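*Asks:* mind looking at a prediction? Sequence and model below.
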Amino acid sequence: MEILHSNIIGEGEPILILHGFLGMLDNWKTIGTKYADEGFQVHLIDQRNHGKSFHSPQFNYDVMVADLNRYMSHHNIPSATVLGHSMGGKVAMLFACKHPEKVEKLLVADIAPKYYPPHHQDILNGLNAIKIREIASRQEADKRLAAYIGQVGVRQFLLKNLYWVEKGVLDFRFNLEVLSERMEEVGENIGTTDFYAGPTLFLRGDKSEYITDSDMMEIKKHFPNATLETISNAGHWLHAENPKQFLSKSIPFIKE
């Protein structure tokens, strides 16, 4: 069985970090380095069909939980703090519910345990319209993507996934075909009876609508020891938009 690709930094108790949809481990390098400086061994992980991890036609939360379980066994990690953002947050939640003995603490960044309707179609349409093998530069990819996605920051986030397969040939690291076909899986919820009683911290951006005040009842149903903190001046990419506050709220929780 294939093992997820990761970048491991620092020494100490392990923290596993899971990126969001169409992301990669590099998105968490700044935060991960700070955690390592605080005395932790940080595992920045590429999930299946993302980054440098393996591509597979199977893509849902159950297989991603199994990937993480296999990763921990491979690296001899009996238990860890698990942090996930967006799609990675759903993986982290489900993993904690299915393997509570392997999760010391759970951190969930800007996602709630509820169903989200598909909302990445414009992004996927734009990525598919680029026809990546026909272009010769990142600038050209950005220009084509701009016709679908106006926000420069979102385009930069997506185009981080570009790499040179060989001289003159660009491609995406993520598995665009499978992710386009299986996009609905990203919005799926954890099971109605899934439950994790360990220490849990939900973090949301004050400009994001992914976690609302009314979601707290559902959060508490699945995670009775959960608290919710809000990061100011931040949207869905709260760790990138306000890293200082993200760290100031998460480090004390991890260390306590």
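*Replies:* Done, it's in.

*Asks:* which residues in this protein form strands?
*Replies:* According to DSSP state E, the chain carries its strands in the segments 6-9, 13-18, 40-45, 80-85, 103-109, 162-166, 169-172, 200-205, 226-231.

*Asks:* from the contact counts, what lies against the fifth one?
*Replies:* It refers to strand 103-109. Helices and strands touching strand 103-109, by 3 or more C-beta pairs under 8 Å, 6 or more residues apart in numbering; DSSP states H and E, are strand 80-85, helix 87-98, strand 200-205, helix 243-255. To be clear about C-beta, it is placed using only N, CA and C from the backbone, and glycine gets the same treatment.

*Asks:* ok, 10 Å please
*Replies:* Judged by 3 or more C-beta pairs under 10 Å, 6 or more residues apart in numbering; DSSP states H and E, the packing partners of strand 103-109 are strand 13-18, strand 80-85, helix 87-98, strand 200-205, strand 226-231, helix 243-255.

*Asks:* now do it against helix 87-98, angle only.
*Replies:* Angle of strand 103-109 versus helix 87-98, following axes from the mean of the first three to the mean of the last three C-alpha atoms, to 10 degrees, is 150 degrees.

*Asks:* direction included, what does strand 103-109 pair up with?
*Replies:* strand 80-85 (parallel), strand 200-205 (parallel) (DSSP bridges).

*Asks:* these: which one's closest to residue 142?
*Replies:* strand 80-85 (23.8 Å; C-beta to C-beta).

*Asks:* run the chain-centre distance for the closest one.
*Replies:* 9 Å (C-alpha atoms, centre = their mean, to the nearest Å).

*Asks:* just stretch 242-256 next, same as before
*Replies:* Centroid separation for stretch 242-256 versus its chain: 17 Å, with C-alpha atoms, centre = their mean.

*Asks:* for the record, mean pLDDT for it?
*Replies:* In this model, stretch 242-256 carries a mean pLDDT of 97.

*Asks:* contacts for it?
*Replies:* Contact with stretch 242-256 is made by 13, 15, 30-31, 34-35, 37-40, 81, 83, 104-107, 109, 199-201, 203, 205-206, 227, 229-235, 238-240, as judged by C-beta atoms under 10 Å, 6 or more residues apart in numbering.
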